[in-house]
Each structure stands twice: as C-alpha cells, then as structure tokens.
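S.K.: Here is my input; please provide its structure:
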Amino acid sequence: MTTCGAVRSTFRDNSCCTATLGNSIPVPSSCPTLDELVTFPKQMGNWTPCPIEEYYMTYSASNPTAPGYVGCVSEAGARPCGWTDYYTYTAATRTCTTIGTMQTALHAVRGGSPTMTADMLRLTNTETLPTITFPAIPMAYPSAGSDPNNAESKELELTTKAFMTYYGSQMDFTNMNFYLTYGTENGMVATVAIKLLEIARTTCNRALPVLLEAPAYGYDWGASVMWADNRRSSFYNGVECPCRNETGGCQRAGQLSLTQVGWSPTQFAAGIAPMRADAFGVMHTPNSTSANSPWFQTNVIPGNPIGRFQECRTPRNRCLCDGVYYLPNFVAPGTALRNFQCYSFAHSVTKFYSAQVRAGFMFVMDYAAATAASSQIMGSMRALGNAAASYMQLHGQIQLMKKMMEIPLSSPSSWLNALSRTQYAKWDALDAAITVCNTNRILMRTPEQQKYFGAYVFGYMHPSLQGYSINIGATSNDFFKSVVNYDVFDYSWGWRGEVPTNYGYSTIMPNVTVNDFFRIHLFRAEAVYLELARRLTLVCTDKTAKVTATALSVNQWILLRTPVSGRRALQAPGTAPEEAPGLHERALKIMEVTKRHGEEMNLVDAIKHAMMTDPNQPTKWEIGMPYEMRND
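M.R.: Numbering: from 1, shown residues only. Got it, this is the predicted structure:
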C-alpha cells in the first residue's frame, strides 16, 4: 500500500486481528501521525497562527463572555484577543484593544501558571505537543480510589515509578502506598488531612502546629482540617486526655485545629527552634521523636519560593513532602535527585507538562495507623460526590509518561530535556541582570538560593535600600512594579508568622519589611524573562533611565519613597499603615518628584502610575496565594 487512502480502506474492510493483514502495514511517510490528525484541525502546536503564550480558539455565538469570538486567546485563562498584558476585550462591541507590547507592557509574573508551549515546540523540534488519545469506556463508574491495591492504580504506580527512574529519581517508595490525586496541591491537602487524622486517633493532641521553614508555601489548611474532623468519631478519647473533661469530650466537632509556624533557617542555624505544647503541656521542638509530639512539617523539594533542596526538620513520620518540583528541570545540572525521607510524597504532571491536566499521585507510608487514615481520607475525597478518579485522569497519566519515556532523556527532543534547557535559559538571563543590580546596590537574590534550584527566583532590595519599599496593594512588589513595570509577588504571606528581620544573613538590615522582598516565577515564555532582564539591566545600570512613560527611574523611586525629613518610610511590624493619600494627591507628588529628578511625568501618566500602585486596590486571589486570602 502506497497511499493513505489504501491504508484506511484496508482497516475499514478488515479486522485488525485477521491473518490476511500480516504483521504490519507500511504507512507512507506522507501520512499524518495521529497527533497531527488531532492537533491540525484545532490549529494547535506548530499549526497555530498565534504568537507565544496564545492559542487558537472558537467560541459559540451565544457565549455571553466572548460572543462568536474566533481567534487567538491567552494560554492562561483562554481570554479573547490574546495575552492579557497586551490586549483587552469588550464583549459588547466584540472588539480587541491593544494596551501594550512585549517592550512596553506591564507584565504579570505572579502565580506560576505554565505558558511555555511555543518554547517547548521549538526546543523539542516537533510539530505537535504530546497528545493523549485513547478510547474510554462509555458507561462504567471509575474503579480507582482509596484502595492502593486496585489493578488500575497499580498500573499507574508502576508507570510512575518507571518514569521517575527514567528522569533520575532515587526516591525509594518501599513500604509506601500509592494513591491517585488531582495534582500535587490536592495530594498535599489529602496528606495533611491523613496526618491530622492519624495524630488525633493516636494521641490526645488536638491543637497541632505545622512547621513551615519561612518563607514558605502553604495549602488549604481548612480543607485538610475539615476532612480529618469529619472522622472525629474515631479520635482517641482516652481517660488520661485533658479534652475528655471538656464538653463533648475528645471527639467534639471543631476541636481539631492547625496553626502555621513559620521559622527562619537562620534561627535553626543559631540553634533556636520553635516549641509547642502537647495536650499535657509538655513542650516539644519539631525534631522531637516523642509519640506525643504535636508537630509535623510540610517540605517542598526543591522549595517554593526558595529552591531549598533539604531534608525535613522533623522525623520521617512527621515529614510531608511536596514533590511537584522534584524533577531535573528545577535543580542545577548534574544534581542527583536523591532519596528524601518522607512520610508522604505528592507529585503531578502540572509543572512538567500541563497545569490544565489535573492529575497526580502520592505515596504514604504503609503502617497500620497511616494506612487506616489514608484509606478513610481518600475514600471520602475520591467519593463520587466529591471527585472520583476519572478514566482520563488515570490512563491519561499512564499514556503521557510512556510517550515521554519513548525518547531518551539525553536527546534534545526529549520533553524533560527541553524543559531543563528553557528553565536554565531563564535563570541565566535573570541571574546576569540581578548580578548587575546587586553590583549597583539596588536588589539581589537571597544568598541561600543556589542558581538553577527551584521554579522561582527569590530576593530582596539591597541593604542600602531596605525599608524604602511600601505597600502598593495587590501583594505586588513595589520596586518591580513602579520601576521595572513587572508585576511580581512580594510574597508577604510566606512568612507564616515569622518576621523578616529574623530571616538573618548579613544582607538583611533591621529596617527590612515584607515589602522589600520579591518572588519571580519561571513559567512564562523565555522572551518574557529576556525582556525582564533587559529592563533590570537598563535601570540598574543607569539610575535615571525609565522603561516606560508611566514608570519611575531608580533615582525617582528613591526620592519618592524618602520623606522630606530623609527618614525612610518605615512601618513597625504589626501596626496598621497610615491612611494613604488620595489618587490625585499622589499623582501630583509623582509629578513633583519626577520633575526634580529627571523628566516630569505628565498628569495622565502620573495618574496611571498612582492607580497601579494604589495601596487600597483590592487583592484578587489567584493560584499560588494562600486560601485564607480568598475574597471571592
């Protein structure tokens, strides 16, 4: 057979299993692959007419948000017109308005949603992205859930272990049970609930502290407490327990609680550790091996926001590991992905393939108390009314991992090889620019973060400028938004009860505030970081330079943040900020300062700058922020 039509006719007219077909059918090289047949009609992959961070989309005429829109949409949010830093869309008139370009836009680099499709196609030198294609059973309920011995779950477990070995993992999951999740975040909520339930069933403790090495990432703690508290009828209710004497005893609703305890690594280095009491008033540090210890710890490896690649401070059976970045792409070249001693380990396809594919897995230690708690928590979380595991979620992961393993990791066309190269390129660009800024005494990366480690760059203002940054609202870093015209998190919530002055290091001054820190995620297209590096290098080299008409120069920013008395605008920890001046008043102040130090900003641009740095602007919750900050 020499044509695609002949191949199709043969398959249509014959059973694939009949002897007359032989062992194989030579398919002409001109025939499209299955991936191409899927992606071409949708104009995805290299077939897209859209620029980076965008894809082609068709909305129905009756869609009230995007009526009849056909064209490019943003990879994050599928918003009409394209990437939202560059365009706005008006549904009433069905029009797109350009608000910026790569060189002029206020770029948002905040939460960490991966939008790297174009870079991955370029680096793998392929026509299409990995495409999941399989026939699904049309009617049966899913079978994978809380039973780690389920045959389908075992198949995913075997594939998962093979895939992790493929990319160099040394994790040892011996005597650990495997469970299907909807991603690492979902897995961490589950494992926290499992550990809470286990402790509540085996001790009198109900007020439990979680250690977070500050600054640190967190989870939906309230959801974990809820899942565990739903099983309160099984909580330990021994006669020796102080809670036995309370109304409702030790199984009262709402008695279980969790408190975040942020603690700086420099405090640990100085031999200072936090202490919390158990139910009997006995004090424990996180490394306590006592069965009555109330402690447990969550540990992201490598860390978020800092790429710490380190063991827990707690014993293994109190160490809950978030392995979403446990990949060769988020450590320096040549780094061994060593075995970490974890009570649980959660992972997913989110950060190495697609955050829209909500699929992952977790391992939990296999001993009686842990396994019983795991079975009941996962039984509840994977119930039909909550989030039963779908066929696509399970078999999609299997197919995706197997597809990636078909290409040797050392090959340039390997997906994970390409992902490493794009992450390292972003690191190289930002590292060079931040070095310039540090040399010129403006800002720096934290000394504890090694290059290439982690999915974020974490830093703060140079000691000579600490205390100048102010709250500009929306948890945005002041300097980056005001001067560089990039919107990045100040990560002010990441201290988890710790104070920044305890962060230590010789580069942290007594007047440092939460506003002096910044976190840059590394999941947008390479071009976005090359542009950020260009702007940083420009303003840090020439302190009179401005990146856009609405931005300040470094000298203007310093002058604007310095009160007339010369004293830095400091805010004591725990005190309420002074009432911010009105918009027009702040705009006039901006005009005055810019005139004194360079070119005066016109009133329109000054108002725009005052609006985007308004401390009273609401903080809109987004992925990556604490759940307790949700306001929607």
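
S.K.: Could I get the contacting residues of residue 291?
M.R.: Contact analysis of residue 291 by C-beta atoms under 8 Å, 6 or more residues apart in numbering lists 202-203. Heads up, the C-betas are built off the backbone N, CA and C, glycines and all.

S.K.: Next, it: secondary structure please.
M.R.: With DSSP: H, G, I helix; E, B strand; the rest coil as the basis, the three-state label of residue 291 is coil.

S.K.: now residue 159
M.R.: Looking at residue 159 with three-state DSSP, the answer is helix.

S.K.: Please report how far it lies from residue 148.
M.R.: Using C-beta to C-beta, to the nearest Å, residue 159 is found at 15 Å from residue 148.

S.K.: pLDDT wise, what is the residue nearest to residue 531 when sequence neighbours are not counted at?
M.R.: What sits nearest to residue 531 in space, not counting adjacent residues and going by C-beta to C-beta, 6 or more residues apart in numbering, is residue 102, at 5.6 Å. If you check residue 102, the pLDDT there is 97.

S.K.: if I pick residue 102, what's in contact with it?
M.R.: Residue 102 touches 86, 527-528, 531, counting by C-beta under 8 Å, 6+ apart.

S.K.: Quick check: it vs residue 85, distance?
M.R.: 9 Å.

S.K.: same deal with residue 387?
M.R.: 33 Å.

S.K.: Look at those two and report which has more neighbours.
M.R.: Using other C-beta atoms under 10 Å, the more surrounded residue of residue 387 and residue 85 is residue 85, with 21 against 14.

S.K.: Can you list the neighbours in contact with stretch 136-152?
M.R.: 153, 156-157, 177-180, 374-376, 378-379, 382-384, 388-392, 394-395.

S.K.: Next, residue 284: phi, psi?
M.R.: Main-chain torsions, residue 284, degrees, to the nearest 10: phi -130, psi 150.

S.K.: Tell me, how many residues neighbour the closest residue to it other than its chain neighbours?
M.R.: With C-beta to C-beta, 6+ apart as the criterion, residue 284 has its nearest non-adjacent residue at 4.5 Å, and that residue is residue 293. A count of nearby residues for residue 293, using other C-beta under 10 Å, gives 23.

S.K.: likewise residue 49?
M.R.: 10.

S.K.: How is it assigned, secondary-structure-wise?
M.R.: Classified using three-state DSSP, residue 49 is coil.

S.K.: my read: it touches residue 72, true?
M.R.: Yes. Residue 49 lies in contact with residue 72 (C-beta atoms under 8 Å); the separation is 7.3 Å.

S.K.: which residues do those two both contact?
M.R.: In contact with both residue 49 and residue 72: residue 56, using C-beta under 8 Å, 6+ apart.

S.K.: surely residue 256 meets residue 206?
M.R.: Yes. Counting by C-beta under 8 Å, residue 256 does reach residue 206; the two are 5.3 Å apart.

S.K.: got any residues that touch both of these two?
M.R.: Common neighbours of residue 256 and residue 206 (C-beta under 8 Å, 6+ apart) are 200, 235.

S.K.: got the domain boundaries for the protein?
M.R.: Domain assignment of the chain by automatic domain parsing yields the ranges 1-31, 36-100, 151-405, 417-629.

S.K.: and the last one, how far apart are its ends?
M.R.: When the termini of domain 417-629 are compared using C-alpha to C-alpha, to the nearest Å, they are 37 Å apart.

S.K.: what's the burial count for the nearest residue in space to residue 465 that is not next to it in sequence?
M.R.: Using C-beta to C-beta, 6+ apart and skipping residues adjacent in sequence, the residue nearest residue 465 is residue 442, 6.5 Å away. When neighbours are counted by other C-beta under 10 Å, residue 442 registers 23.

S.K.: ok, residue 442 - contacts?
M.R.: 461-462, 465, 479, 539-540, 554 are the contacts of residue 442 under C-beta under 8 Å, 6+ apart.

S.K.: My guess is residue 262 contacts residue 216. True?
M.R.: Yes. Assessed by C-beta under 8 Å, residue 262 is found in contact with residue 216 at 6.4 Å.

S.K.: Those two: which is more packed in?
M.R.: Per other C-beta under 10 Å, whichever of residue 262 and residue 216 has more neighbours is residue 216, with 26 against 21.

S.K.: quick one on the thing from earlier: please, a PyMOL command that selects the buried ones among the contacts of residue 442?
M.R.: In PyMOL, a selection of the buried entries from these looks like this (16 or more other C-beta atoms under 10 Å):
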select buried, resi 461+462+465+479+539+540+554
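
S.K.: Among the contacts of residue 442, name the ones in helices.
M.R.: Among the contacts of residue 442, the ones falling in helices (DSSP state H) are 479, 539-540, 554.

S.K.: which among those residues gets closest to residue 561?
M.R.: residue 479 (9.2 Å; C-beta to C-beta).

S.K.: Spell out which residues sit in contact with that closest one, please.
M.R.: Residue 479 sits in contact with 442-443, 461, 469, 518, 557, where contact means C-beta under 8 Å, 6+ apart.

S.K.: gap between the residue nearest to residue 531 and residue 376?
M.R.: Where residue 376 is concerned, residue 102 sits at a distance of 51 Å (C-beta to C-beta).

S.K.: can you redo the ones in helices among the contacts of residue 442 as CSV with distance to residue 454 and pLDDT?
M.R.: Output for the ones in helices among the contacts of residue 442, formatted as CSV (distance: C-beta to C-beta, whole Å; pLDDT from 0 to 100):
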residue, distance to residue 454, pLDDT
479, 21, 98
539, 25, 98
540, 23, 98
554, 27, 97
